[in-house]
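> Sequence and predicted structure below; questions after.
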Amino acid sequence: VMPWAAALLLLAVVLIAVRVPVREGKTAVEIVRDAVKQYAQNAESKANESKFEPYIADAEQRNGIPAGLLHRQLYQESRYRSDIIDGRAVSSAGALGIAQIVPRWHPGVDPLDPVAAIYYAASEMKKYYTRFGSWKLALAAYNWGQTAQARDLADGIAGNEWPEETRRYVAEITADVEVA
């Protein structure tokens, strides 16, 4: 069994153990898969999205991130494209991998190890949420940088100094996943 399949199976077993009802004749695994909105558009990206779904869901749960937020954020970052995930495509800022991590700012993680990058991105989002008090501000800090986000809040008006890219980033993600 592939690692992601094993993780999904484990999640299904947990759902059964806590007596999550099986609806419409679906198995627990099918319920879990149905609950996760898919964003990828082509077969290759869909395969990547499905492959990493269990890790993303686990990272969200472990870090207290609203269900689906990290999943949607990673779609925004990489579109689940293989050339981005494996580092063949590098952003103009030097960001790499599924979570578009810039190695010079985050030397403690290998951005080309997708599973490590997923858990690292989740821990960063948790840290930013704790610091800024909202998931929208945490998203802005992830995209724009936590120092820039802190400067933005200095005048007491959140988001008034966000660059257009950050405005779009937060708006597009939160259009699909409702957060506070």
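Nice, thanks for sending it over.
> residues in contact with the nearest residue to residue 46 once chain neighbours are set aside?
Using C-beta to C-beta, 6 or more residues apart in numbering and skipping residues adjacent in sequence, the residue nearest residue 46 is residue 40, 4.3 Å away. Backbone N, C-alpha and C define where each C-beta goes, glycine included. Taking C-beta atoms under 8 Å, 6 or more residues apart in numbering, we find residue 40 in contact with 46, 48-49, 75, 79-80.
> Let me see the confidence value for residue 40.
pLDDT recorded at residue 40 is 80.
> quick one: secondary structure of the spatially most central residue of the chain?
Closest to where the C-alpha atoms of the chain average out (C-alpha atoms, centre = their mean) is residue 70, at 2.3 Å. Secondary structure, DSSP: H, G, I helix; E, B strand; the rest coil: residue 70 is helix.
> That one and residue 118 touch, don't they?
Yes. Using C-beta atoms under 8 Å, residue 70 is in contact with residue 118, at 7.4 Å.
> any shared contact partners between the two?
What both residue 70 and residue 118 touch, as defined by C-beta under 8 Å, 6+ apart, is the set 56, 59.
> for the record, mean pLDDT for the helix or strand where residue 56 lies?
Here residue 56, judged by DSSP states H and E, is contained in helix 43-63. Helix 43-63 shows a mean pLDDT of 94 in the predicted model.
> cool, stretch 95-106 as well?
In this model, stretch 95-106 carries a mean pLDDT of 97.
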